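Trainee: my questions concern the predicted model and sequence given below.
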Protein chains: 4
Amino acid sequence: MKVILDFSVIPMGVGVSVSKYVAACEKVLQDAGLKTKLHAYGTNVEGEWDEVFAAVKRCHEVVHELGAPRIATNIRVGTRTDREQTMEDKIHSVESKLAN
Amino acid sequence: MKVILDFSVIPMGVGVSVSKYVAACEKVLQDAGLKTKLHAYGTNVEGEWDEVFAAVKRCHEVVHELGAPRIATNIRVGTRTDREQTMEDKIHSVESKLAN
Amino acid sequence: MKVILDFSVIPMGVGVSVSKYVAACEKVLQDAGLKTKLHAYGTNVEGEWDEVFAAVKRCHEVVHELGAPRIATNIRVGTRTDREQTMEDKIHSVESKLAN
Amino acid sequence: MKVILDFSVIPMGVGVSVSKYVAACEKVLQDAGLKTKLHAYGTNVEGEWDEVFAAVKRCHEVVHELGAPRIATNIRVGTRTDREQTMEDKIHSVESKLAN
């Protein structure tokens, strides 16, 4: 089952600057060989359900190892059985309608 | 790694009434023996990371099998290494402060 | 436009214990006279769009006033034009299907 | 109060193809003169709380007008009082740590 997922990791108990933890999480996704795209309030990821969620779990482990005692993550995950769709397809689909 | 998770499953392409699909999802959580609590905009679940996320994946599979060609799910997931905390602990902690 | 909303407020930069802030937020909702229900990973609120979102904004203001320099909130909001639906309706609709 | 917000609008009861509705929503944000950035699972928006949330409300109105009887939206919203931060700042902050 293929997913397009978007998630935002919030480390708690480590002050207001959290980019170090978010970067560690990006590194996890890259090491997993997943297709990702960072934006200003999260990261898009595309791949097989098990691989993508294994990476999200690894993120939690790594952020805890870096010293964050508590983590709150928000995830949006989409699956579809009617057809294949990539992250680029989704953006292109909206942009082509905007152009008309 | 223990998690407290909350998720809201939205089947797409099946009309406006989606309670049949949400109920199927609740059944998945019950069959998995997970501690859960339904509310008006999602379901709280408590358990080990792997078991809880396996149930979320099974929900997607079951909702697709019931005929929904597309699903969009929103998940909040919290982990902490500083101490154990149950769903009841979280609610009690807020309510005790409200009572003061 | 009536909404059923669910939100989870995460104060950042104030340590791992955040129930004090969540309780202040509950107080804001109560003072606004809104119908609400606290659960283990957020709060359900029902009401008119403008009143409900004014309360969410007031929450941010109050949590900042209490000392949190940064806040990350996750909101699920639903509106429908086909029929009226309360928070209780939503839960009952799922539970009646589970009972069959 | 300045916000960085990310939201994903899901029209229900209109089939599986929803890009027409998302595009209408993007148009609302553009007409409001807000700084936005579309990604594969939502849209980043930056601005004053009241203006940004007025645009989110207008999105719901427009998507209903286009024929969607039900809408489920997920919003992440961040505010901070310690310093100014733009959407670009957030991305740059993570990317600079990744580069090291």
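Mentor: Structure received.
Trainee: chain C contacts on chain A?
Mentor: Applying CB under 8 Å from any CB of the partner chain, one finds that chain A approaches chain C through A:Ser8, A:Ile10, A:Met12, A:Gly13, A:Gly15, A:Val16, A:Val18, A:Pro69, A:Arg70, A:Ala72, A:Asn74. For the C-beta atoms, the positions are set from N, CA and C on the backbone; glycine is no exception.
Trainee: is chain D contacted by the lowest-mean-pLDDT helix or strand in chain A?
Mentor: Ranked by mean pLDDT, DSSP states H and E, the weakest helix or strand in chain A is helix A:87-99, scoring a mean of 94. Yes. Against chain D, helix A:87-99 shows contacts by CB under 8 Å from any CB at A:Met87, A:Glu88, A:Lys90, A:Ile91, A:Ser93, A:Val94, A:Glu95, A:Ser96, A:Lys97, A:Leu98.
Trainee: report the buried residues of that helix.
Mentor: The neighbour-count check on helix A:87-99 (16 or more other CB atoms under 10 Å in any protein chain shown) flags A:Met87, A:Lys90, A:Ile91, A:Ser93, A:Val94, A:Lys97 as buried.
Trainee: how about stretch A:57-64?
Mentor: With burial defined by 16+ other CB under 10 Å, the residues of stretch A:57-64 counted as buried are A:Lys57, A:Arg58, A:Cys59, A:His60, A:Val62, A:Val63, A:His64.
Trainee: how about it as CSV, C-alpha atoms only?
Mentor: Written as CSV, here are the backbone C-alpha positions of stretch A:57-64 (Å, rounded to 0.1, in the frame of the first residue of the first chain):
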residue,chain,number,x,y,z
LYS,A,57,9.2,5.7,14.2
ARG,A,58,12.9,6.0,13.8
CYS,A,59,12.5,9.8,13.9
HIS,A,60,10.9,9.6,17.3
GLU,A,61,13.7,7.3,18.5
VAL,A,62,16.4,9.6,17.2
VAL,A,63,14.8,12.8,18.6
HIS,A,64,14.5,11.1,22.0
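Trainee: quick one: secondary structure of the closest residue to A:Leu98 other than its chain neighbours?
Mentor: Spatially, and ignoring its direct neighbours in sequence, A:Leu98 is nearest to D:Ala23 (4.9 Å; CB to CB, 6 or more residues apart in numbering or on different chains). Recorded secondary structure, D:Ala23: helix (DSSP: H, G, I helix; E, B strand; the rest coil).
Trainee: so how far is A:Ala40 from D:Ala23?
Mentor: 20 Å (CB to CB, to the nearest Å).
Trainee: isn't A:Trp49 right up against A:Val56?
Mentor: No. The criterion here is CB atoms under 8 Å, and A:Trp49 misses it with A:Val56 at 10.7 Å.
Trainee: how far off centre is stretch A:16-23?
Mentor: 15 Å (CA atoms, centre = their mean, to the nearest Å).
Trainee: what average pLDDT does it get?
Mentor: Stretch A:16-23 carries an average pLDDT of 95.
Trainee: and for stretch A:30-46?
Mentor: 97.
Trainee: any residue of that stretch touching chain D?
Mentor: Yes. Counting by CB under 8 Å from any CB, chain D has neighbours in stretch A:30-46: A:Lys37, A:Leu38, A:His39, A:Ala40, A:Tyr41, A:Gly42, A:Asn44, A:Glu46.
Trainee: which one of the residues you listed is nearest chain C?
Mentor: Nearest to chain C out of those is A:Tyr41 (CB to the nearest CB; 9.0 Å).
Trainee: all helices in chain A, in order from the N-terminus.
Mentor: A:19-31, A:49-65, A:87-99 (DSSP state H).
Trainee: Throw the ones you listed into CSV and include distance to C:Ala32, thanks.
Mentor: Listed next are these as CSV, based on distance: least, CB to CB, whole Å:
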stretch, distance to C:Ala32
helix A:19-31, 34
helix A:49-65, 35
helix A:87-99, 35
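Trainee: and those helices: which comes nearest A:Thr79?
Mentor: helix A:49-65 (7.4 Å; CB to CB).
Trainee: give me the mean pLDDT for the closest one.
Mentor: 98.
Trainee: contacts only, for A:Lys37.
Mentor: Counting by CB atoms under 8 Å, 6 or more residues apart in numbering or on different chains, A:Lys37 touches A:Thr43, A:Asn44, A:Met87, D:His39, D:Ala40.
Trainee: how about a cut-off of 6 Å?
Mentor: A:Asn44 (CB atoms under 6 Å, 6 or more residues apart in numbering or on different chains).
Trainee: kindly export stretch A:38-47 (C-alpha atoms) in CSV.
Mentor: Provided in CSV are the C-alpha atoms of stretch A:38-47 (Å, rounded to 0.1, in the frame of the first residue of the first chain):
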residue,chain,number,x,y,z
LEU,A,38,10.6,19.8,3.5
HIS,A,39,8.2,22.7,3.8
ALA,A,40,7.7,25.4,6.4
TYR,A,41,5.4,23.3,8.6
GLY,A,42,6.4,19.7,8.0
THR,A,43,7.7,17.3,5.5
ASN,A,44,6.1,15.4,2.6
VAL,A,45,7.1,11.8,2.2
GLU,A,46,6.2,9.2,-0.4
GLY,A,47,6.6,5.5,-0.3
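Trainee: return the member of the buried residues of stretch A:57-64 nearest to chain C.
Mentor: Distances from chain C to those, taken by CB to the nearest CB, are shortest for A:His64, at 12.0 Å.
Trainee: how about the closest one: what's its closest non-neighbour residue?
Mentor: B:Thr81 (5.1 Å).
Trainee: look at stretch A:40-51 and report the distance between its end residues.
Mentor: 24 Å (CA to CA, to the nearest Å).
Trainee: can you give me the buried ones in that stretch?
Mentor: A:Ala40, A:Tyr41, A:Gly42, A:Thr43, A:Asn44, A:Val45, A:Glu46, A:Gly47, A:Trp49.
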